[in-house]
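A.B. asks: Sequence and predicted structure below; questions after.
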Amino acid sequence: MDGTALYECVATIFIAQVYGFHLSFAAQLIIVVTALLASIGAASVPMSGMVMMSIILNAVGLPLEGVAVILAVDRILDMFRTMVNVLSDSCGAVIVARLEGESLEGIGTPPVIKNDI
């Protein structure tokens, strides 16, 4: 969800700049809140960010044709969004493990099997 939220904010501001729209502070705040809520509800399938992008563009009054500007590079950006999502989930898992007192010692080493026959 982190990568999708960041992507939708940056892409919406980029589209506003391409079309020459001035975004007030209130409009930027609407973009951030809407992107956050849209990224929570977005499905984990490729190109779902484009559907959510149209919701954000509509919320701030930008033309929906702006999605076509980003469509050509969305597949590559989708891979980077996935990377950010996996990295943030991994960091969250490590933080929770450390708070619970778990240690990462011995991870990746084969288990020792004792043969007492």
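C.D. replies: Perfect, thanks for sending it. Numbers count the residues shown, from 1 in each chain.

A.B. asks: Output the contacting helices and strands for the longest helix along the chain.
C.D. replies: Secondary structure of the chain per DSSP state H: the longest helix is helix 74-99. Judged by 3 or more CB pairs under 8 Å, 6 or more residues apart in numbering; DSSP states H and E, the packing partners of helix 74-99 are helix 2-19, helix 48-60. C-beta here means a position set from N, CA and C on the backbone, and glycine is covered the same way.

A.B. asks: out of those, nearest to A93?
C.D. replies: helix 2-19 (13.7 Å; CB to CB).

A.B. asks: Show me what the helix or strand just after that closest one is packed up against.
C.D. replies: Sequence order places helix 25-41 as the next helix or strand after helix 2-19, per DSSP states H and E. Judged by 3+ CB pairs under 8 Å, 6+ apart, the packing partners of helix 25-41 are helix 2-19, helix 48-60.

A.B. asks: what helices or strands is the first one leaning on?
C.D. replies: Put plainly, it is helix 2-19. With contacts taken as 3+ CB pairs under 8 Å, 6+ apart, helix 2-19 sits against helix 25-41, helix 48-60, helix 67-71, helix 74-99.

A.B. asks: quick one: C9 from K114, how far?
C.D. replies: 55 Å (CB to CB, to the nearest Å).

A.B. asks: More neighbours: the two, which one.
C.D. replies: Per other CB atoms under 10 Å, whichever of C9 and K114 has more neighbours is C9, with 18 against 5.
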